[in-house]
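Trainee: Could you work out the structure for the sequence below:
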Amino acid sequence: MTKAETGPKDTGTAADGLPSDPRLAALRGSWAFYAIMLIAVGLGPLAMSSFMPALPAVQDAFGVTADRAQLAISLSMLAIGVFTLIYGPLSDRFGRRPILVFAIGLGLFGSIVGALAGSIEVVIFGRILQAAGTAAGVVLARAIVKDVYGPERMTGVIGTLTAALMLAPMAGPFLGGFAVARFDWWGPFAVIAAITALVWALVLLRLPETHHFADRGTSTAQMARDFGGLFVNRAYMGYALHGVVVQGAFFAFLGGAPYLVSDVYGQPPSAYGAYFITLPLGFMAGNLVAGIWGSRIGNDRLIALGTLVSIAATAAALWVAQSDLANPYWLFAPVGLAMIGNGLALPGSQSGSVAAAPLIAGSASGLFSAMQALFAAAVLQWVGAWQGADAGSALPTLIPMTGLMVAAPLVYAALVRPWGRPARAVTAPAE
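Mentor: The predicted structure follows:
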């Protein structure tokens, strides 16, 4: 039976801007639907961050070097980049539910493999499978929310989901550290296996199919045409590149912040966490505001408001870096305010990019995630190397951060042109 036979029918949009299909309407307000989306979005970052505290224990247990143990992280990040590109197009063709069921099942299998591993090679293999499976949550959740709420009403829900995406890496180190202390190096694998089994059961029992298009091919050539169509879709690229660059600004600070705390301000490494906590908290605050007011404000106004706040705050941080203020809190406070702006703007970028290509929303979400990951990794490496080479100044971190925040609205305005006739959203390339 094909997805077209089991999924909802395209019954149009009601007067309130929401899809009118009764099966989709039943999901709105459902606790199970929100629980599935929140856990699925946070599962990948939670799995990654909870495994980090286990690395020294893995190294000791298997008698390997640190760089060998680190392969469990670096290779799993590569798997995330590859699989986020694959899940989107497959969900456009076969439906969101079967792909999510497969992916979460893969993550569960990888977690079990890792927990039972008897060699470092199997640990790495299990972590790769775990990362490949749990990476589907972020990609497919955006597409599912578009299906259920429609392009005009999805921004608020995306804001709430993005807050969960930031909460997971904050909770992961505590959860992983507890699991390692209570069990051993395999503890984080076991904990993530239990959480993954829970969300897998919820998906199987409580999540129906939300996507009704099933007439697109799945060949490599068709996937290439879909991605090619996204690259020439001005509206999609405007929203997506804005989100990519805004997140890049955050990673610019992330790459240099440890050097700022230790080398510029003379603080011990243990103090870094106390200063850093202001960043995800600020980002979550912006996400929550976007979740409450995003659908009323609209994507473009939300992006404009958040970007203006971030530019002003990063400019203030740049001024602090050149002043005589010696306390790191004077620097992290405006950067935390900038994260509030980023938290406001990014849900608008995410929902705007997916709405610009509704027929291939899965592909659009996957490409957006892949571009974010690749750009963030490049910025992180570049700024970290620059700041490490010029340890006495904060400018190698704050100049790129401020420059990226200024560039983000320029790219967005040039491609989306929100002040006049909107850029035409090419929903899918021609067959």
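Trainee: in stretch 305-313, what's buried?
Mentor: Neighbour-count burial for stretch 305-313, counted by 16 or more other CB atoms under 10 Å, picks out 305-307, 309-311, 313. Placement of C-beta: from N, CA and C, glycine included.
Trainee: Filter those residues down to the ones in helices?
Mentor: Among the buried residues of stretch 305-313, the members found in helices (DSSP state H) are 305-307, 309-311, 313.
Trainee: any chance of those in JSON lines, with distance to Gly298 and pLDDT too?
Mentor: JSON lines is the format used below for these (distance: CB to CB, whole Å; pLDDT from 0 to 100):
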{"residue": "Leu305", "distance to Gly298": "10", "pLDDT": "92"}
{"residue": "Gly306", "distance to Gly298": "12", "pLDDT": "93"}
{"residue": "Thr307", "distance to Gly298": "14", "pLDDT": "93"}
{"residue": "Val309", "distance to Gly298": "17", "pLDDT": "94"}
{"residue": "Ser310", "distance to Gly298": "18", "pLDDT": "94"}
{"residue": "Ile311", "distance to Gly298": "20", "pLDDT": "95"}
{"residue": "Ala313", "distance to Gly298": "22", "pLDDT": "94"}
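Trainee: tell me which of these is nearest to Trp200?
Mentor: Gly306 (34.4 Å; CB to CB).
Trainee: what's the neighbour count on the residue lying closest to Gly187 once chain neighbours are set aside?
Mentor: Excluding the flanking residues, the one nearest Gly187 by CB to CB, 6 or more residues apart in numbering is Ala179, at 3.1 Å. By the criterion of other CB atoms under 10 Å, Ala179 has 22 neighbours.
Trainee: Which positions within the helix or strand where Ala179 lies qualify as buried?
Mentor: Using DSSP states H and E, Ala179 sits within helix 155-182. Neighbour-count burial for helix 155-182, with 16+ other CB under 10 Å as criterion, is recorded at 155-170, 172, 175-177, 179-180.
Trainee: most distant residue from the middle of the protein?
Mentor: What lies farthest from the middle of the chain is Asp324; by CA atoms, centre = their mean that is 36.3 Å.
Trainee: Make sure it is indeed in a helix.
Mentor: No - judged by DSSP: H, G, I helix; E, B strand; the rest coil, Asp324 forms no part of a helix; its state is coil.
Trainee: quick one: contacts of stretch 311-328?
Mentor: The contact list for stretch 311-328 (CB atoms under 8 Å, 6 or more residues apart in numbering) reads 249, 260-261, 265, 267, 271, 275, 330-331, 334-335, 337-338, 340-341, 393-395, 398-399, 401-402, 405-406, 409.
Trainee: Now restrict those residues to buried residues only.
Mentor: Using 16+ other CB under 10 Å, the buried members of the contacts of stretch 311-328 are 249, 260-261, 265, 267, 275, 331, 334-335, 337-338, 340-341, 393-395, 398-399, 401-402, 405-406, 409.
Trainee: So, low pLDDT: which residues of the stretch 151-300 of the chain?
Mentor: Applying pLDDT under 70 to the stretch 151-300 of the chain picks out residues 152, 213-219, 269-273, 295.
Trainee: how about 80 then?
Mentor: 151-156, 159-160, 162-167, 169-170, 173, 212-223, 254-277, 291-299 (pLDDT under 80).
Trainee: For it, which segments are assigned as helices?
Mentor: Here the stretch 151-300 of the chain has its helices, by DSSP state H, counting those that start in this stretch, at 155-182, 187-206, 220-231, 234-259, 272-276, 278-297, 299-321.
Trainee: coming back round to it: which members of the contacts of stretch 311-328 occur in helices, if any?
Mentor: 249, 275, 330-331, 334-335, 337-338, 340-341, 395, 398-399, 401-402, 405-406, 409.
Trainee: what's the domain layout of the chain?
Mentor: 14-215, 226-416 (automatic domain parsing).
Trainee: and of the ones in helices among the buried residues of stretch 305-313, the nearest to Leu24?
Mentor: Using CB to CB, Gly306 comes nearest to Leu24 of these, at 28.5 Å.
Trainee: what sits against that closest one?
Mentor: Per CB under 8 Å, 6+ apart, neighbours of Gly306: 286, 290, 340-346, 348.
Trainee: Could you identify the most distant pair in those?
Mentor: Among these, Ile340 and Gly348 lie farthest apart (CB to CB), at 14.0 Å.
Trainee: circling back to that earlier point, and the buried residues of stretch 305-313, which is closest to Leu415?
Mentor: Distances from Leu415 to the buried residues of stretch 305-313, taken by CB to CB, are shortest for Thr307, at 14.3 Å.
Trainee: residues in contact with Ile39?
Mentor: 137, 195, 198-199, 202.
Trainee: Centre of the chain to stretch 123-130, how far?
Mentor: 20 Å (CA atoms, centre = their mean, to the nearest Å).
Trainee: Ok, stretch 164-183 next?
Mentor: The answer for stretch 164-183 is 18 Å, by CA atoms, centre = their mean.
Trainee: Put the alpha carbons of it into CSV.
Mentor: The C-alpha coordinates for stretch 164-183 follow below in CSV (Å, rounded to 0.1, in the frame of the first residue of the first chain):
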residue,chain,number,x,y,z
ALA,A,164,14.0,21.9,22.9
LEU,A,165,16.9,21.6,20.5
MET,A,166,18.9,23.9,22.7
LEU,A,167,17.8,22.3,26.0
ALA,A,168,19.1,18.9,24.9
PRO,A,169,22.8,19.7,24.7
MET,A,170,22.5,21.5,28.1
ALA,A,171,21.0,18.4,29.7
GLY,A,172,23.1,15.9,27.9
PRO,A,173,26.4,16.3,29.8
PHE,A,174,24.7,16.0,33.2
LEU,A,175,22.7,12.9,32.0
GLY,A,176,25.8,11.4,30.5
GLY,A,177,28.0,12.1,33.5
PHE,A,178,25.5,10.5,35.8
ALA,A,179,25.2,7.5,33.5
VAL,A,180,29.0,7.0,33.4
ALA,A,181,29.2,7.3,37.2
ARG,A,182,26.3,5.0,37.9
PHE,A,183,27.1,2.3,35.2
